[in-house]
Each structure stands twice: as structure tokens, then as C-alpha cells.
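Asker: Show me how the following folds:
(one chain, ligands or ions: 1)
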Amino acid sequence: MARKIGSRYTVHQVIGRGSAGTVWLGEGPDGPVAVKLLREDLASDQVLVGRFVQERAALTSLDHPRVVGVRDMVVDGDDLALVMELVHGTDLRSRLEREGVFAPQAAAAVIADVADGLAAAHAAGIVHRDVKPENVMLDLAAPPGPGGAPRAKLTDFGIARLVDAPRRTRATRIIGTPDYLAPEIIEGLEPRAAVDIYALATVLYELLAGFTPFGGGHTGAVLRRHVTESVPPVPGLPDGLWRIISECLAKAPASRLRAAELAERLREQLPALAGLPPLALPAQRSQDDVGAPPGQAGGEPTTLAEAVYAEAETGTGTHRRRRGPVVPLVPPAAPDAARDTRDTHTSLRRPSAEELAGYAAQSRAQRTAPSTGHRRTRQERIRRRRFLAVLVAAVLLLAGLAAAVAAFGHSGGHPHGAAAPSVAVLPAWPPDEESAAV
Ligand SMILES: Nc1ncnc2c1ncn2[C@@H]1O[C@H](COP(=O)(O)OP(=O)(O)OP(=O)(O)O)[C@@H](O)[C@H]1O
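Answerer: Have a look, this model is predicted:
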């Protein structure tokens with residue numbers, strides 16, 4: 001069914017849904033377009049509408065072949081819409097889920113394209129802030145790039161800039177996609193261009209390995225890993241690519257490559273990567289379990305960080321898990337199962353400096369010590385066994401006494417009559433090696 005958006009556009013059919021709204025196939029004065037109609041609650045937010053109007057010039061002027069162009073922004077009654085270039089293709093998340101990891105050359109080529117788009121945005125003073133596979137479109141109508149890789153375009157600049165207005169994101173909260181969040185965002189610093197590089201290197205890692213370097217398990221654990229842990233190596237990854245990934249995932253933003261450098265370095269690698277097959281890793285393990293301590297994936301929070309973030313997570317309503325690891329940037333609407341087909345969102349309380357300092361120590365302690373949960377279980381077992389031993393001793397003693405009394409009565413009061421022993425012989429207890437440790 002056709003619907004008018006403003007005076008210039010007509011939309012016909014839904015082609016996708018995201019956290020901020022619904023994407024429609026539409027028609028404008030210059031031909032087909034994609035129209036992202038923002039959710040009602042966002043469209044009725046006067047601050048956001050004001051920002052939408054303010055940002056119009058910046059967003060519509062970002063014109064680069066590796067960026068999905070924003071052609072227009074419409075405020076019309078209850079409708080708030082971004083009119084975009086229509087990309088004939090799919091998003092990178094869908095491609096990854098459908099076909100699995102990329103061969104190294106194709107991964108490098110796709111990420112080099114996105115880095116080109118980012119370089120243009122950064123040069124225009126625009127930081128994306130939500131780089132992730134969902135926001136990379138693969139243009140299947142364009143001739144493929146090196147190694148047959150589809151050409152990529154970065155999208156959703158508008159949403160990241162609009163929704164993350166100061167009033168909407170209080171200084172003590174982080175809104176974002178945990179797997180791709182640079183450590184400085186978690187530590188409360190102002191996001192600069194380097195956060196996009198960190199996120200893009202995370203996407204490159206994911207295209208190659210099938211999982212993100214710090215993702216998996218509880219959101220609190222993911223954030224802690226970004227801040228405190230080094231990047232887990234990817235077995236079999238060519239050295240050149242590994243060096244680029246490590247540099248871009250540096251904890252210090254200033255140590256990361258710039259977007260243009262990243263694109264150039266990746267393209268330098270392309271000839272050496274030609275013909276390499278996709279890495280065969282046990283990557284295709286469940287994202288919920290990646291990196292989580294045994295028995296902890298999806299379970300109760302066990303550390304301070306996890307407790308802190310658990311509060312934030314439960315504050316957003318449900319925490320549904322998905323095949324992919326991500327939680328988009330835009331805060332959730334009130335639960336509406338019919339509308340929200342894609343995913344859940346997270347709004348996180350930012351930890352204090354003391355909490356962050358504590359995470360590093362906790363992280364080290366957890367790596368070197370057996371889990372407290374496990375120790376507590378052993379101690380409980382040992383206590384239970386001691387209690388049973390005393391109980392058995394008491395029962396046997398009573399039985400012995402009763403037998404002795406009976407025998408005494410039977411034998412006319414002589415205690416040496418044939419009767420049950422008056423002293424119970426206790427079995428060795430507890431019987432296993434754990435008792436030796438008591
Ligand atoms: N310009 C476009 N051309 C063609 N299809 C598009 C375009 N923009 C988005 N889509 C399709 O619409 C879907 C939803 O896009 P949208 O940007 O709303 O959400 P998302 O980025 O996937 O998720 P989220 O916004 O929750 O992070 C995308 O998966 C994509 O397939």
C-alpha cells in the first residue's frame with residue numbers, strides 16, 4: 001500500500017526494520033529511494049526533531065561512493081523520515097549470518113571500502129559512532145571488487161548523530177553496541193574518530209573469525225574485556241592483517257590508524273591475500289559462550305562489573321539473545337513484539353573510575369584463581385559430609401547403647417552377655433580424597 005511522506009516521496013513496501021524505525025522502498029522526484037521512517041516515540045521527541053532539522057545540512061552533504069547518501073530529511077506531521085540512496089543488496093550482518101566468515105582478501109577489501117567512507121566522514125567532522133555489520137550495506141548491483149568481494153557502503157550516520165543528543169544520553173550513561181565499543185567510550189571520554197576505527201577493526205576481526213574479539217557472555221563482561229584485556233589472536237591469520245587489526249584495536253585512541261591509512265594498509269595486503277580460503281576456526285561457537293567463564297554464559301552476574309551492568313540491562317526490559325552479538329545504538333521503544341523484529345537495545349550505566357580500576361584487578365584474579373563458585377561448592381560438600389559423619393556416629397552410638405541396655409536386661413544385668421557391641425565402630429568418613437584436604 002502506497003503512502004505519502006512529505007510532499008515529494010511515496011513509499012510502497014517495507015524492505016527492512018531496525019531499532020530506530022522501518023525502512024521502506026520509495027519513490028522520489030529523482031527515482032527510487034529508501035526511506036527510513038523513524039519510530040513514533042522518536043518522531044514525537046521534540047528535542048530529536050529539532051536536532052533532525054539542525055543536522056540536515058551536515059548529513060545530506062556527506063556525498064561519497066562508499067557512504068549510503070542521505071538525500072533528504074522529512075518532518076511532516078507525525079512522520080520523521082530519512083530519505084536515502086537505495087542500495088540494491090544486503091547488509092553485512094545478513095551476509096555473515098547466511099554465508100559465514102569471509103576469505104581474508106574479501107574481508108580486507110570490504111573493510112577497506114568502509115574505511116574510505118569513514119575517511120570522508122571524518123574529514124567532514126562527522127564521527128559515525130555505531131560502526132557494525134548491520135550498518136554496512138553490500139551493493140550487489142555494483143561490479144565486485146578484488147577477489148570478487150561485493151562493494152561496501154557505510155550507512156546510518158544520521159541515526160547515530162541524531163539519537164545521541166546530550167539530553168538523551170546523560171553523561172553517566174553509555175548508549176551503544178557493546179561488542180564494538182571502544183574502551184575510551186566505556187571510560188567516559190568524548191567519542192572521536194578513533195572510536196570508529198576500533199569498531200571497524202572489530203568488524204574485520206569478526207568477518208575473519210566469525211566472532212568479535214571481546215564479545216560473548218554478559219554485557220558487563222564484554223565492556224570489561226574492552227578496557228582490560230588484550231586482543232585474542234586469530235590462529236592462521238596472515239601476519240600483515242593481524243598487525244593492522246592489533247594497531248586499530250589499541251586501547252589508546254591515538255595509537256590507532258586513521259581511516260585513510262587503514263584503507264591504504266588493507267589494500268597493500270590484498271595481493272598477498274589472494275586465493276587464501278576462509279579461516280577454519282572453531283569460531284562458529286555460540287556467541288553467548290564466547291569468552292565467558294565456564295558455566296557463566298548467560299547466567300547470574302558474578303563480578304562487580306557484571307552486577308553494575310546487569311542493573312542497566314534489566315532497566316531496559318528484556319535482554320533477549322540473538323545469533324549475532326550486537327545490540328544497536330538506539331534506545332528501545334516500549335516493548336512491542338509486533339514492531340521489533342530485529343533485536344534488543346542496551347542503555348548502560350557508565351562505571352565510575354574506581355569500578356573500572358577494580359575490573360582490571362578482578363579480571364587478573366579471575367584468570368589466576370579457580371572460580372569462587374566452584375570453591376564454595378566444594379566447601380559445602382565437605383561440610384555436608386562432616387555433618388553426615390556426626391549423624392551416623394550418633395545413630396550408631398544410640399543403637400549400641402540401646403543394644404547394650406537390651407543385652408543387660410536379657411542377661412540379668414550382666415554386661416558381658418552376647419549382645420551388640422557397646423562401642424560403635426565408625427566407618428572411615430568421608431571416604432574420598434576431598435576429606436584429606438579438610
Ligand atoms: N539505503 C538502503 N537501501 C536498501 N536497504 C536498506 C537501506 N537502509 C537500510 N536498508 C535495509 O533495511 C534494514 C534495516 O535497516 P536499519 O538501518 O533500519 O536497521 P539496522 O541498521 O539493520 O539495525 P539498527 O538500526 O537496529 O542498528 C537493513 O538491514 C537493510 O537491509
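Asker: pLDDT weak spots in the chain?
Answerer: Across the chain, the ranges flagged by pLDDT under 70 are 158-176, 282-438.
Asker: For it, which residues are neighbours of the ligand?
Answerer: Contact residues (Cβ under 6 Å from any ligand atom) of the chain with the ligand: 15-20, 23, 34, 36, 68, 84-87, 91, 134-135, 137, 155-156, 328, 342. No exception for glycine: its C-beta is placed from N, CA and C like everyone else's.
Asker: Is Ser44 in contact with Asp78, as I believe?
Answerer: Yes. Applying Cβ atoms under 8 Å as the test, Ser44 and Asp78 come out as touching, 7.0 Å apart.
Asker: Can you tell me which of the residues of the chain next to the ligand are classed as buried?
Answerer: 16, 18-20, 23, 34, 36, 68, 84-87, 91, 134-135, 137, 155-156, 328 (16 or more other Cβ atoms under 10 Å).
Asker: Inside helices: which ones of those?
Answerer: Using DSSP state H, the subset of those located in helices is empty.
Asker: Restricted to strands, list those residues.
Answerer: 16, 23, 34, 36, 84-85, 91, 137 (DSSP state E).
Asker: Please, where are all the helices along the stretch 151-300 of the chain?
Answerer: 157-163, 183-186, 193-209, 219-228, 239-248, 259-273 (DSSP state H, counting those that start in this stretch).
Asker: Contacts for the last one, please.
Answerer: Contacts of helix 259-273 from elsewhere in the structure, counted by Cβ atoms under 8 Å, 6 or more residues apart in numbering, are 103-105, 108-109, 111-113, 115-116, 118-119, 122, 146-147, 193, 196-197, 200-201, 238, 240-241, 244, 248, 257.
Asker: Mind listing what's buried along it?
Answerer: Within helix 259-273, judged by 16+ other Cβ under 10 Å, the buried ones are 259, 261-263, 265-267, 269-270, 273.
Asker: Just send the ones in strands among the buried ones among the residues of the chain next to the ligand back as a markdown table, with distance to Gly6 too.
Answerer: What follows is these, written out as a markdown table (distance: Cβ to Cβ, whole Å):
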| residue | distance to Gly6 |
| --- | --- |
| Gly16 | 20 |
| Val23 | 16 |
| Ala34 | 15 |
| Lys36 | 13 |
| Met84 | 14 |
| Glu85 | 17 |
| Asp91 | 26 |
| Met137 | 24 |
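Asker: which one of those residues sits closest to the ligand?
Answerer: Gly16 (2.0 Å; Cβ to the nearest ligand atom).
Asker: wait, isn't the closest one in contact with Leu25?
Answerer: No. Applying Cβ under 8 Å, one finds Gly16 not in contact with Leu25, separated by 9.5 Å.
Asker: Tell me how far Pro146 lies from Ala254.
Answerer: Distance from Pro146 to Ala254, counting by Cβ to Cβ, to the nearest Å: 30 Å.
Asker: who's more crowded, those two?
Answerer: Applying other Cβ atoms under 10 Å to Pro146 and Ala254 shows that Pro146 carries more neighbours, namely 16 against 7.
Asker: Pro144 versus Ala57, what's the distance?
Answerer: From Ala57 to Pro144 the distance is 34 Å (Cβ to Cβ).
Asker: More neighbours: which of the two?
Answerer: Between Ala57 and Pro144, counted using other Cβ under 10 Å, Pro144 has the larger neighbour count: 14 against 9.
Asker: show me the contacts for the more buried one.
Answerer: 150-151.
Asker: Mind doing that once more with 7 Å?
Answerer: Pro144 is in contact with Pro150, counting by Cβ atoms under 7 Å, 6 or more residues apart in numbering.
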